[in-house]
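Asker: Structure of the sequence below:
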Amino acid sequence: MLRRSSYLAMLAAGWAAAPLAGQAAPDTVRAIARLHARIGTTGSTVGRAIWPGFHPESIPTLYVIPGHAKLLVTWHDATPPGFASLPGVAGAFWTDTQSVSFPSNRFIAFLSVDSTAAIADVLGLALHEEFHSFERMSRRDGRRFGTWENALLVADYPVFDVENETLWAIEARLLRRAYRARTLAETRALTRRFLAVRGTRQSRLDSSFANFERMGELNEGLAQYALLRGVSELGRNGGAPWDSAVHRIVEDETALLDSLLTRTRNSVRRRFYATGSTMSLLLDRLAGPSWKPALVARDRTLQDELARVGGYRGAAMLGSAWPDSLHLLQQATRPEAERAVASLRARRLAQADSVMRQPGARLVIEASGVPGGRFFYCGFDPQNLLQVGDGRMLHARFVVLCGGDSVSVSFEQPATEDRRTGEYQTVIADTASLVITAGGAPLAVPDTGAVEVTALQVEAPRFTLRAPHARIGRRGGALSIAPRP
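Answerer: Next up, the predicted model:
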């Protein structure tokens, strides 16, 4: 892997956010604005190469520098509350506030900027998120394009199923071989084998999971294709640094297909970025740009469109030897899948347990008092929603819960969810920061037993809970809270 340049890091070094009023924009904000200008000046050409009607240069985009500032570009309405204009850059505004809001009817691309990222990575991610905005703007009732997959299925998808993982590994490797094939004939042959393995595997899956895969590829896979195709177009005539960056980005993404069984830091949904974008690149090779309007007009998935373009009409066309060939591939790959599933289970258990073993105040949020005995997600990150394998889920980044009228719980830190009981747990590392009030007055929680309170608020830097009624007390060394609407 090529080493990533630190273009933004050089500008960010030693900089701390200053009060906004009367202050010049930090160099980091201006650096991102200069980077985005490349999309502003070439976006029409780049967008046309990515997808018909896609104009990234016209989509409002919010760059977030975690803990420092935010830059809003391509915004030609009134100055948003809390923002200041960026002198010399039309349609650009910045802020150092922690939270911002925009009209609900505006499609805005949001992305977090890693200050160590290379230029191509920053702009590629911007194109990925801008394509999502384009997808949403293009959505039509009853049509697939622009529709999200059911991300809640991340919690139920059979990630510990050895048979499914075995076939996943085989089909993903065939897909990469098709992408790397030197001739169109070889590309078509390997594409058909990929589709045959996928058909075998998906026929054994619950239909909701098979649809989850197809829609994930159509949603995230196409956005990742916009990233890969976009950085290539942005880098035309860019010289050696751009050529190297583009090669590294595409190779990193397609290489994921050869290691799906071991690349398990994120949820299974991450696979769809790689499979969907690689299928899109194959479609470019096999059909040119004509597949894109055809996919939308005929309401197809990428998998369906690839079958049409690749001339795939079922596994029978691969010949009578194909079933035996697939069986041999399964036998060869299954031990690897068994080891990977066992490793995943052990790693996820260790990851979840490490969250709860860290020092601090342990909080247990019970669901017994909310309607149906379950909270529901008002916000979560499907990429960091991980099955643990023992009936728990790990929300590795954040989750926002709702439970009837006026009950809200926000974890902006890792938390575990017990799917059997509906209970959530987390640890507040800085116990001195934990503030508990009831009816607006500080609440002293008894050392034993529990008390019923009204207007409960529990606050820490990365955790908040609000409930009109609740039972709160101590249980097994933890602070236990059962909110009620």
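Asker: hey, where'd the helices end up in the protein?
Answerer: Counting by DSSP state H, the chain forms helices over residues 7-12, 27-50, 119-138, 162-180, 184-204, 207-216, 222-234, 240-255, 270-287, 291-297, 302-310, 322-357, given from the N-terminal end onward.
Asker: Return the alpha-carbon coordinates of stretch 350-364 using CSV.
Answerer: C-alpha atoms of stretch 350-364 as CSV (Å, rounded to 0.1, in the frame of the first residue of the first chain):
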residue,chain,number,x,y,z
ALA,A,350,-13.5,-9.3,23.4
GLN,A,351,-14.5,-5.9,21.8
ALA,A,352,-17.8,-5.8,23.6
ASP,A,353,-16.4,-6.9,26.9
SER,A,354,-13.6,-4.4,26.8
VAL,A,355,-16.2,-1.6,26.5
MET,A,356,-17.8,-2.7,29.8
ARG,A,357,-14.5,-3.5,31.7
GLN,A,358,-13.1,0.0,31.4
PRO,A,359,-13.0,2.0,34.6
GLY,A,360,-15.8,4.4,35.4
ALA,A,361,-19.5,4.4,36.2
ARG,A,362,-21.4,1.6,34.6
LEU,A,363,-24.9,2.6,33.4
VAL,A,364,-27.7,0.1,32.7
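Asker: quick revisit: just the helices of the chain: most buried one?
Answerer: Each of those was given a mean neighbour count from mean count of other CB atoms under 10 Å, and the largest, a mean of 25, is that of helix 222-234. (C-beta placed from N, C-alpha, C; glycine too.)
Asker: can you put the helices of the chain in CSV and add mean pLDDT and distance to residue 145?
Answerer: Supplementary listing: those in CSV, determined by pLDDT from 0 to 100; distance: least, CB to CB, whole Å:
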stretch, mean pLDDT, distance to residue 145
helix 7-12, 41, 34
helix 27-50, 92, 14
helix 119-138, 95, 6
helix 162-180, 97, 22
helix 184-204, 97, 21
helix 207-216, 98, 10
helix 222-234, 94, 8
helix 240-255, 85, 22
helix 270-287, 97, 13
helix 291-297, 97, 5
helix 302-310, 97, 11
helix 322-357, 95, 32
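Asker: want to throw the ones you listed into JSON lines with distance to residue 421?
Answerer: Conversion of these to JSON lines gives the following (distance: least, CB to CB, whole Å):
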{"stretch": "helix 7-12", "distance to residue 421": "44"}
{"stretch": "helix 27-50", "distance to residue 421": "45"}
{"stretch": "helix 119-138", "distance to residue 421": "35"}
{"stretch": "helix 162-180", "distance to residue 421": "27"}
{"stretch": "helix 184-204", "distance to residue 421": "31"}
{"stretch": "helix 207-216", "distance to residue 421": "24"}
{"stretch": "helix 222-234", "distance to residue 421": "36"}
{"stretch": "helix 240-255", "distance to residue 421": "39"}
{"stretch": "helix 270-287", "distance to residue 421": "28"}
{"stretch": "helix 291-297", "distance to residue 421": "44"}
{"stretch": "helix 302-310", "distance to residue 421": "38"}
{"stretch": "helix 322-357", "distance to residue 421": "15"}
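Asker: Quick one: closest of these to residue 479.
Answerer: Ranking the helices of the chain by their distance to residue 479 (criterion: CB to CB) puts helix 322-357 first, at 13.4 Å.
Asker: And that closest one, what does it pack against?
Answerer: Here helix 322-357 is seen to pack against helix 162-180, helix 184-204, strand 385-387, strand 392-395, strand 415-418, strand 423-428 when contacts are counted using 3 or more CB pairs under 8 Å, 6 or more residues apart in numbering; DSSP states H and E.
Asker: Looking at the helices of the chain, which is nearest to residue 457?
Answerer: helix 322-357 (23.7 Å).
Asker: Of all the helices and strands packed on helix 322-357, which one is nearest residue 405?
Answerer: Among these, strand 423-428 sits nearest to residue 405 (CB to CB), with 19.3 Å.
Asker: pretty sure residue 402 is touching residue 410, no?
Answerer: No: using CB atoms under 8 Å, residue 402 is not in contact with residue 410; the gap is 10.0 Å.
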